[in-house]
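*Asks:* all I have is the shape, not the residue letters:
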């Protein structure tokens, strides 16, 4: 529960800092960019539903030696199925923003690329959080998520004044990619 709250904060801290350091318009553009970047996470969430029972059964049997092939296979599949979602978002960032949100949001293309890359790295690193959860290591998950939130806050404070919306996207990408 606490990790879920922290993830919610990670997603909202950027908007608060953008509105404080920049303009409300920049915060609005960021809020258009974020859901598009999060499309990259659809495949990993789907694979979690498939892989979690397998990984849980490994720990239930006490057969950790069979975990590696499952983990590696899942990671390969995540790469194979996430890349086709990630690449079009990165390649067509500006046209996507214009199509869905209008030309005023085109300036968020760099931020969309940065955020999408953070989510992509998080996805292809593998099912680390899921594996920790299956092994009942919820405190470690909480600690990882708390560290990600702190990274996000510190990087937002540092990078938004320098790079604006792209600084905020960089802060979140680092926090999300660094979770594992």
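*Replies:* Happy to help now that I have it. Keep in mind the model is a prediction, meaning the values are calculated, not measured.
*Asks:* tell me how many other residues surround residue 40.
*Replies:* If you count neighbours by other Cβ atoms under 10 Å, residue 40 ends up with 26. Just so you know, the C-beta spots here come from the backbone N, C-alpha and C atoms, and that holds for glycine as well.
*Asks:* now it. Nearest residue, chain neighbours left out?
*Replies:* Leaving aside its sequence neighbours, residue 40 sits nearest to residue 119 (Cβ to Cβ, 6 or more residues apart in numbering; 4.0 Å).
*Asks:* which ones are touching the one you found?
*Replies:* Applying Cβ atoms under 8 Å, 6 or more residues apart in numbering to residue 119 gives the contacts 37-38, 40-41, 86, 173, 176.
*Asks:* can I get the residues you listed in a markdown table including pLDDT?
*Replies:* As requested, the contacts of residue 119 are exported to a markdown table (pLDDT from 0 to 100):
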| residue | pLDDT |
| --- | --- |
| 37 | 95 |
| 38 | 91 |
| 40 | 92 |
| 41 | 86 |
| 86 | 97 |
| 173 | 95 |
| 176 | 88 |
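*Asks:* which of the helices or strands spans residue 67?
*Replies:* Element membership of residue 67, judged by DSSP states H and E, is helix 67-91.
*Asks:* how near is the residue lying closest to residue 163 once chain neighbours are set aside to residue 44?
*Replies:* Nearest residue to residue 163 in three dimensions, chain neighbours excluded: residue 170, at 6.8 Å (Cβ to Cβ, 6+ apart). For residue 170, the distance to residue 44 equals 21 Å [Cβ to Cβ, to the nearest Å].
*Asks:* with residue 89 instead?
*Replies:* Between residue 89 and residue 44 the computed distance is 15 Å (Cβ to Cβ).
*Asks:* related to what we said a few turns ago, which of the contacts of residue 119 count as buried?
*Replies:* Buried residues within those, defined by neighbour count using 16 or more other Cβ atoms under 10 Å: 37, 40-41, 86, 173, 176.
*Asks:* quick one: find the helix or strand in the chain with the lowest mean pLDDT.
*Replies:* helix 128-134 (a mean of 63; mean pLDDT, DSSP states H and E).
*Asks:* check contacts around residue 111.
*Replies:* Listed by Cβ under 8 Å, 6+ apart, the contact set of residue 111 reads 29-30, 33, 165-166, 168-169.
*Asks:* before we move on, back to that, quick one, the helix or strand containing the residue nearest to residue 40 and helix 67-91 angle?
*Replies:* Element membership for residue 119 (DSSP H and E) is helix 109-124. On the basis of axes from the mean of the first three to the mean of the last three Cα atoms, to 10 degrees, helix 109-124 is oriented at 170 degrees to helix 67-91.
*Asks:* just how off-centre is helix 109-124 within its chain?
*Replies:* Averaging C-alpha positions (Cα atoms, centre = their mean, to the nearest Å) puts helix 109-124 7 Å from its chain's average.
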